[in-house]
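Chemist: Quick one, fold the following:
(chains A and B)
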Amino acid sequence: MFKPKAADMNNIVWNFKALVALSAMVLLVGGCASNGEDRVMAGEVEVSDPFEKANRAIFSFNTAVDKAVIHPVAKGYNAVVPNPARTGIDNALKNLRSPANFANQVLQGDFDGAGNVVVRAVVNTLLGLGGLVDLAGHEGIEYEVEDFGQTLATWGVGHGPYLVVPILGPSSTRDYIGYAVDSFADPLRWYLFNIEEEGIYYGKVGADYLNLRASLVDVLEDLEKSSIDYYAATRSAYYQRREALVNDQGSDVITAPAIPDYDDY
Amino acid sequence: MNLGSLIMQRRFLFSSVLALGLVSGIASHASLLSTSAAPVLNSRFAHFVAANAHGDEVALAAEKFVAALADQGIGFLSDKKITEEKRRAEFKALLNKNFDMNTIARFSLGRYWRSATQAQRDEYVVLFKKMIVDVYSARFSDYQGQEIEVVGSRKEGERDILVHSLLRQDGGPDVKVDWRVRNRSGAYQVIDVIVEGVSMAMTQRSDFSSVVQRGGGDVEALLVHLRQE
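Modeler: Next comes the predicted model:
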């Protein structure tokens, strides 16, 4: 197996980072890039849910469809496909997201993050069996999902109303717009539509959906069991999770709510 | 399809899965990129040294507290010999000793704590504790060999330390779990658990607030549900 020396690899890494930083700077001439440092969160997330009645109805519908079809499929997938293979599929799908992650890192002004995306994509595609093995992750360059919803957030765009969409599930208006932009801009989509292989693209979208749902099986089961109002608990968890993603889960950024002292208890 | 080719296929499947596992196993020990990567703490106790370097005794103590709590919890969860009843009892004792249930309960009720009568508050706290034990003992009953590794901490406000840990599971990705630990003159208790940025206390609070709000703002609406749990 081809194994470069550590020093060579370091050089390659550095060159990529320089290249990424340079191209990003060219792209952003005149623009202002927020580095997100002023986005320290204090805990309680502002939730706007003007369509709560409709949202709840769709949420019930989704929960029913989920119980009947999607949850069993996701559970079956977890049960039938052995763990190393599932991880491989997850890694490969994450690797295919590299263009979107890269573009959004650059748009967010996170050049280190953009460099990491390139390093990850190159290393995992070339040395990690076409993306099946997350070699870079094992070496501490961890995967970070970056979408256009997060980019809008770093530009100061608020969530807008909370929306529950049939089958697709809950999100905020901003994040749904972000999802649409990411999907439209996906080079894989352009390529596959160009060679008239739309089927493969839709297959990949389906795989993404199943992969996400399968990874959430335990989380959602837990949430439903531990909550009285599953809708409200999901909404809260959604906003908290998105906030953490926008802040890149940095340990120096507070996303945890402050809990006061109750000395008068 | 004849039997021979079927066996060959199965063998192929098996060996490719094995190869995949091996490769990822090797990958975790290779140091291809280690010079450029952020340092990964492999030793469970490496972080103690890190905390010590900053001379922060409180952070160190809080990290040790979480590591000990995790070890203790995993200790009896992985003990297959004890009965379900015993497991539950031990879990309850562990929670009550190491979690500040009164603070968590009160935070979870949010602004409705003020409007509740003393009788409602008392009943709520009792029911809340019972619910937490039920929920968490069910959650942890399907323990599958995960490990919790403390990787660092940061000070939060006057009394709290946020202890960062990773939940390591076979095959799956690591899960980031942060423990909000409150220091009361050297006695440590957990007041929140934050999983991948989602705070248990905050989620509980949103849940309860919604129930009370939809019940016309009366805490009784929540108590009705909690009594049924």
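Chemist: contacts, neighbours, all on C-alpha from now
Modeler: OK.
Chemist: give me every residue that touches A:Tyr143.
Modeler: Listed by C-alpha atoms under 8 Å, 6 or more residues apart in numbering or on different chains, the contact set of A:Tyr143 reads A:Lys94, A:Val117, A:Arg120, A:Gly137.
Chemist: Tabulate these in CSV, adding columns for neighbour count and pLDDT.
Modeler: Shown next, in CSV, are the contacts of A:Tyr143 (neighbours: other C-alpha atoms under 10 Å in any protein chain shown; pLDDT from 0 to 100):
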residue, neighbour count, pLDDT
A:Lys94, 19, 92
A:Val117, 29, 94
A:Arg120, 24, 93
A:Gly137, 18, 88
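Chemist: Inside strands: which ones of those residues?
Modeler: Among these, DSSP state E puts none in strands.
Chemist: Including distance to B:Ser199, could those residues go into a markdown table?
Modeler: Listed next are the contacts of A:Tyr143 as a markdown table, based on distance: C-alpha to C-alpha, whole Å:
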| residue | distance to B:Ser199 |
| --- | --- |
| A:Lys94 | 26 |
| A:Val117 | 28 |
| A:Arg120 | 30 |
| A:Gly137 | 26 |
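Chemist: Check these against chain B and report the nearest one.
Modeler: For these, the residue nearest chain B by C-alpha to the nearest C-alpha is A:Gly137; the value is 8.9 Å.
Chemist: and the gap between the closest one and B:Glu147?
Modeler: 19 Å (C-alpha to C-alpha, to the nearest Å).
Chemist: can you pull out the helices in the stretch 51-200 of chain A?
Modeler: A:52-65, A:71-80, A:83-96, A:98-107, A:111-126, A:135-138, A:148-154, A:173-185, A:187-194, A:198-215 (DSSP state H, counting those that start in this stretch).
Chemist: tell me what the second one is packed against?
Modeler: Looking back up the chat, that one is helix A:71-80. On a contact count with 3 or more C-alpha pairs under 8 Å, 6 or more residues apart in numbering or on different chains; DSSP states H and E, helix A:71-80 meets helix A:198-215, helix A:217-226.
Chemist: Equivalent analysis for the fifth one, please.
Modeler: For helix A:111-126, the elements it packs on are helix A:6-27, helix A:83-96, helix A:98-107, helix A:135-138, judged by 3+ C-alpha pairs under 8 Å, 6+ apart.
Chemist: Repeat the analysis, applying 6 Å as the threshold.
Modeler: The helices and strands touching helix A:111-126, judged by 3 or more C-alpha pairs under 6 Å, 6 or more residues apart in numbering or on different chains; DSSP states H and E, are helix A:98-107.
Chemist: before we move on, the earlier item: of all the helices and strands packed on helix A:71-80, which one is nearest B:Ala93?
Modeler: Between B:Ala93 and the helices and strands packed on helix A:71-80, the shortest separation by C-alpha to C-alpha is 19.8 Å, and it involves helix A:217-226.
Chemist: any idea how far the closest one is from the chain center?
Modeler: Distance of helix A:217-226 from its chain centroid, counting by C-alpha atoms, centre = their mean, to the nearest Å, is 20 Å.
Chemist: Number of residues surrounding residue 119?
Modeler: In the absence of a named chain, chain A is used. Close neighbours of A:Val119, defined as other C-alpha atoms under 10 Å in any protein chain shown, add up to 21.
Chemist: right idea, wrong chain: chain B
Modeler: 8.
Chemist: how many neighbours does the nearest residue to B:Leu127 once chain neighbours are set aside have?
Modeler: Closest residue in space to B:Leu127, ignoring its immediate chain neighbours: B:Leu226 at 6.2 Å, by C-alpha to C-alpha, 6 or more residues apart in numbering or on different chains. Neighbours of B:Leu226 under the rule other C-alpha under 10 Å: 17.
Chemist: Am I right that B:Leu226 is in a helix?
Modeler: Yes. Assessed with DSSP: H, G, I helix; E, B strand; the rest coil, B:Leu226 lies in a helix.
Chemist: For B:Val125, see how far away it is.
Modeler: From B:Leu226 over to B:Val125 the distance is 10 Å, taken as C-alpha to C-alpha.
Chemist: same question, A:Tyr209
Modeler: From A:Tyr209 to B:Val125 the distance is 40 Å (C-alpha to C-alpha).
Chemist: Neighbour count: these two, which is higher?
Modeler: B:Val125 (18 against 15).
Chemist: Local confidence estimate at the residue lying closest to the more buried one once chain neighbours are set aside?
Modeler: Distances taken as C-alpha to C-alpha, 6+ apart place B:Ala105 nearest to B:Val125, at 6.1 Å, with adjacent residues excluded. B:Ala105 is assigned a pLDDT of 94 by the prediction.
Chemist: what's the answer for B:Ile26, then?
Modeler: So B:Ile26 comes in at 34 (pLDDT).
Chemist: same question, A:Asp229
Modeler: Per-residue confidence (pLDDT) for A:Asp229: 95.
Chemist: related to what we said a few turns ago, which strand or helix spans the residue nearest to B:Val125?
Modeler: Taking DSSP states H and E as the criterion, B:Ala105 maps to helix B:101-109.
Chemist: one step back: mind checking how far the residue nearest to B:Val125 is from chain A?
Modeler: Counting by C-alpha to the nearest C-alpha, to the nearest Å, the gap from B:Ala105 to chain A is 11 Å.
Chemist: can you count the residues close to that residue?
Modeler: Count around B:Ala105 with other C-alpha under 10 Å applied: 23.
Chemist: Quick check: the gap between it and B:Ile191.
Modeler: Counting by C-alpha to C-alpha, the gap from B:Ala105 to B:Ile191 is 10 Å.
Chemist: Flag the shaky bits of chain B, pLDDT-wise.
Modeler: Within chain B, the segments meeting pLDDT under 70 span B:1-55, B:139-142, B:171.
Chemist: So what does the residue nearest to B:Val177 when sequence neighbours are not counted look like in phi/psi?
Modeler: Closest residue to B:Val177 apart from its sequence neighbours, by C-alpha to C-alpha, 6+ apart: B:Val195 at 4.6 Å. Backbone dihedrals for B:Val195, given as degrees, to the nearest 10, come out at phi -100, psi 120.
Chemist: hang on, B:Val195 packs against B:Trp179?
Modeler: No. With contacts counted by C-alpha atoms under 6 Å, B:Val195 stays clear of B:Trp179, the gap being 8.8 Å.
Chemist: Settle it for me: which of those two has more neighbours?
Modeler: Taking other C-alpha under 10 Å, B:Val195 and B:Trp179 do not tie; B:Trp179 has more neighbours (25 against 17).
Chemist: Which strand residues bridge the more buried one?
Modeler: B:Trp179 forms beta bridges with B:Val163, B:Val193, as assigned by DSSP bridges.
Chemist: wait, what's in contact with it?
Modeler: B:Leu162, B:Val163, B:Asp192, B:Val193 (C-alpha atoms under 6 Å, 6 or more residues apart in numbering or on different chains).
Chemist: In contact with the third one, which residues are there?
Modeler: What it means is B:Asp192. B:Trp179, B:Arg180, B:Ala201.
Chemist: one more time with 7 Å, if that's ok
Modeler: B:Trp179, B:Arg180, B:Ser199, B:Met200, B:Ala201 (C-alpha atoms under 7 Å, 6 or more residues apart in numbering or on different chains).
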